[in-house]
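>>> sequence plus the predicted model coming up.
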Amino acid sequence: MQYCWTGDKALRELQEVGISQQCFPILQECATKAIKAASDAESEAAHLSGKSVIALEGLFSSLDYFFSRNGLNALDYQLVLQRYVKRDAGQRSGDWTHSLSLWCLNPAVVFREIADKAMSVILTSGTLSPMSSFSSELGIQFETCMEAPHVIDVESQLLAAVVSTGPGNYPLNASYKTADGYAFQDELGASLEEICKIVPGGALVFFPCYKLMEKLQKPWEPRGNQDSFDFILKGYYNSISQGKKPAPCKIKRGKKRGLRHFYTQETCNGGAAFLAVCRGKLSEGIDFSDENARVVVSFALSSELQFIRHDIQVAQKKYNDTYSLSKSLLSGNQWYCHQAFRALNQAAGRCIRHRFDYGSVIFMDERFREERNIAYVSKWLRKSIKQYDSFDKSLEGLRSFFQDVKERTGPKGINTSEISDIKEEDIPSTNQEVLSKGAVKRKNTNS
């Protein structure tokens, strides 16, 4: 349950409780003094608690941008009051919680200040693709854009493939219209089982959201062995039938111990299948190099409204639709599509963690056969994607890839003599290239 105020209505609501643009500097000064007093106070003296200090700092930092530009920035915000049940991990019940949030729906509000003060602004990341939305979202024009190749030899160290049908020749399509069907769920489970039998190491399977992952995971649990499939990081150590051995771990054991169980299971039993979600902890920051992950399987485009995970995403879509013309923004659907593929691109690279690593990236959804969807995939991966006519042929390609790599792999991994350095001519020099690795905005140093 929630109630939202648009920016102009939020201004009026705040004014009624004495928080206006005119008196905000005074309130900000008082808050600064209170925070300083809390940091200087002795333990016996009365002072703000640590949580109160954090809340004040966050509130006044947001209000500072909210009231800037003579209040014009307020139109880029929403004030939101939410009431929801907060559940601890693994618990079905919880307590009612209330939260008051000030959502900024225009990143240019903050980024504009950075760009105006800096001589140069460089955005660099391996997963900025698709890049066409950044200029409008951040409110600046990037003069120089470059998309660099990957550090690996994509032809020999990577197999990227689209699997559009399962072993029973049933179409794999995880849209909301078909994801509930038992035929699709069984076909997807059987497909993952066959893939995991071939992969000589760990497998990471990424879902677009927790809801879909939980829905599909239940029919895959072996009967009588449900206790072996406990939560950890809201992902699952799971066996897909007999494809991989389960790596059981209770959530209370914690993140590091849970990962240690995964690595141990992967080493001793030829691999474990780890089911997780895009934008989750596994798609960012956790290293699955070498045998820990030899394949990444992604499916579902996560572009359906049914899979939107947060209310703020709904608000963002409406905001983009409202200001798409006046502020040159992507439409709400276009924005959400970009976000979905950006998350997918980030997850896809989890099996390639260093120059001599190798692995396979499999898109298991027939919609990835469409050029309009492949166009959103990172350039280094997009050009090497193979389209197979049948599931059996995709398995043959996967088996052949790992056999070929095994023949060229010594005790220390890939034969480095077979991998050439990236040449300067391989890097695009035109400013029209879509950015994946870096972007530069330069200001006139003579002004």
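That came through, no problem.

>>> any idea which helix or strand carries V297?
Using DSSP states H and E, V297 sits within strand 295-298.

>>> what lies in contact with that strand?
Contacting residues not belonging to strand 295-298 are listed as 192, 195, 199, 201, 203-206, 278, 344, 347-351, 359-364, 398 [CB atoms under 8 Å, 6 or more residues apart in numbering]. (Glycine included, C-beta is placed from N, CA and C.)

>>> next: stretch 126-136.
Contacts for stretch 126-136 (CB under 8 Å, 6+ apart): 123, 141-142, 145, 147, 327-330, 334-335, 338, 341-342, 345-346, 349, 375-379, 434-437, 439.

>>> in that stretch, what counts as buried?
Neighbour counts over stretch 126-136 (16 or more other CB atoms under 10 Å) mark 126-131, 133-136 as buried.

>>> could you do stretch 17-34 as well?
Within stretch 17-34, the residues that qualify as buried are 19, 21, 24, 28, 31, counting by 16+ other CB under 10 Å.

>>> in strands, which of these appear?
Among the buried residues of stretch 17-34, DSSP state E puts none in strands.

>>> which pair in these has the greatest spatial separation?
Within the buried residues of stretch 17-34, Q21 and A31 form the most distant pair, 15.8 Å apart (CB to CB).

>>> which residues of the protein score low on pLDDT?
Across the chain, the ranges flagged by pLDDT under 70 are 41-44, 89-92, 129, 220-271, 280-285, 300-310, 409-447.

>>> please parse it into its domains.
Following automatic domain parsing, the chain resolves into domains at 2-104, 114-147+424-442, 154-411.

>>> can you flag which of the contacts of strand 295-298 belong to strands?
203-206, 359-363.

>>> neighbours of E371, how many?
6 (other CB atoms under 10 Å).

>>> likewise for G166?
The burial count for G166: 21, using other CB under 10 Å.

>>> which ones are touching it?
With CB under 8 Å, 6+ apart, G166 has these contacts: 172, 187-188, 190-191, 391.

>>> tell me the one of those nearest A55?
Using CB to CB, L188 is the member of the contacts of G166 that sits closest to A55, with 44.2 Å.

>>> confirm that closest one sits in a strand?
No - L188 is assigned helix when assessed by DSSP: H, G, I helix; E, B strand; the rest coil, not a strand.

>>> how near is it to Y170?
To Y170, L188 is 9 Å away according to CB to CB, to the nearest Å.

>>> who's more crowded, those two?
Each of L188 and Y170 has its neighbours counted (other CB under 10 Å); L188 has more, 26 against 18.

>>> return the distance of the residue lying closest to I19 once chain neighbours are set aside relative to S62.
Using CB to CB, 6 or more residues apart in numbering and skipping residues adjacent in sequence, the residue nearest I19 is L27, 6.7 Å away. Using CB to CB, one gets 13 Å for the distance from L27 to S62.

>>> helices of the stretch 101-250 of the chain, residue ranges please.
With DSSP state H, counting those that start in this stretch as the criterion, the stretch 101-250 of the chain has helices at 108-117, 134-138, 154-157, 182-198, 210-217.

>>> the ones you listed into JSON lines, with extra columns for distance to Q2?
Formatted as JSON lines, the entries for the helices of the stretch 101-250 of the chain read as follows, by distance: least, CB to CB, whole Å:
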{"stretch": "helix 108-117", "distance to Q2": "22"}
{"stretch": "helix 134-138", "distance to Q2": "24"}
{"stretch": "helix 154-157", "distance to Q2": "46"}
{"stretch": "helix 182-198", "distance to Q2": "32"}
{"stretch": "helix 210-217", "distance to Q2": "19"}
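
>>> H98 is nearest to which of those?
Counting by CB to CB, H98 lies closest to helix 210-217 out of those; the figure is 23.2 Å.

>>> angle of that closest one against strand 203-207?
120 degrees (axes from the mean of the first three to the mean of the last three CA atoms, to 10 degrees).

>>> against which helices or strands is helix 210-217 packed?
When contacts are defined as 3 or more CB pairs under 8 Å, 6 or more residues apart in numbering; DSSP states H and E, helix 210-217 packs onto helix 182-198, strand 235-238, strand 273-277.

>>> for the ones you listed, which one sits closest to V109?
Once the helices and strands packed on helix 210-217 are compared by CB to CB, strand 273-277 is nearest, at 28.8 Å.

>>> who does the closest one pair up with?
strand 203-207 (parallel), strand 235-238 (antiparallel) (DSSP bridges).

>>> relative to helix 182-198, how tilted is that strand?
Using the same axes, to 10 degrees: strand 273-277 against helix 182-198 is 130 degrees.

>>> any idea how far strand 273-277 is from the middle of the chain?
14 Å (CA atoms, centre = their mean, to the nearest Å).

>>> look up how far L344 lies from the residue nearest the centre of the chain.
By CA atoms, centre = their mean, the chain has its centre lying nearest to R279, at 2.7 Å. R279 is 10 Å from L344, where distance means CB to CB.

>>> now the closest residue in space to Q82 that isn't next to it in sequence. Its backbone dihedrals?
Sequence neighbours aside, Q2 is the residue nearest to Q82 in space, at 4.3 Å (criterion: CB to CB, 6+ apart). The phi and psi torsions at Q2 (degrees, to the nearest 10) take the values phi -150, psi 160.

>>> who's in contact with Q2?
The neighbourhood of Q2, defined by CB under 8 Å, 6+ apart, consists of 80-84, 311.

>>> and for A183?
If you count contacts by CB under 8 Å, 6+ apart, A183 has them with Y170.

>>> next one: it from G201, what distance?
Note on A183: its distance to G201, by CB to CB, is 30 Å.

>>> out of the helices of the stretch 101-250 of the chain, flag the one nearest R408.
R408 sits nearest to helix 154-157 of all those, at 7.5 Å, using CB to CB.

>>> show me what that closest one is packed up against.
The contact analysis (3+ CB pairs under 8 Å, 6+ apart) places helix 154-157 against helix 391-408.

>>> which strands and helices lie in contact with the helix it packs on?
With contacts defined as 3+ CB pairs under 8 Å, 6+ apart, helix 391-408 has these neighbours: helix 154-157, strand 158-162, helix 182-198, strand 359-363.
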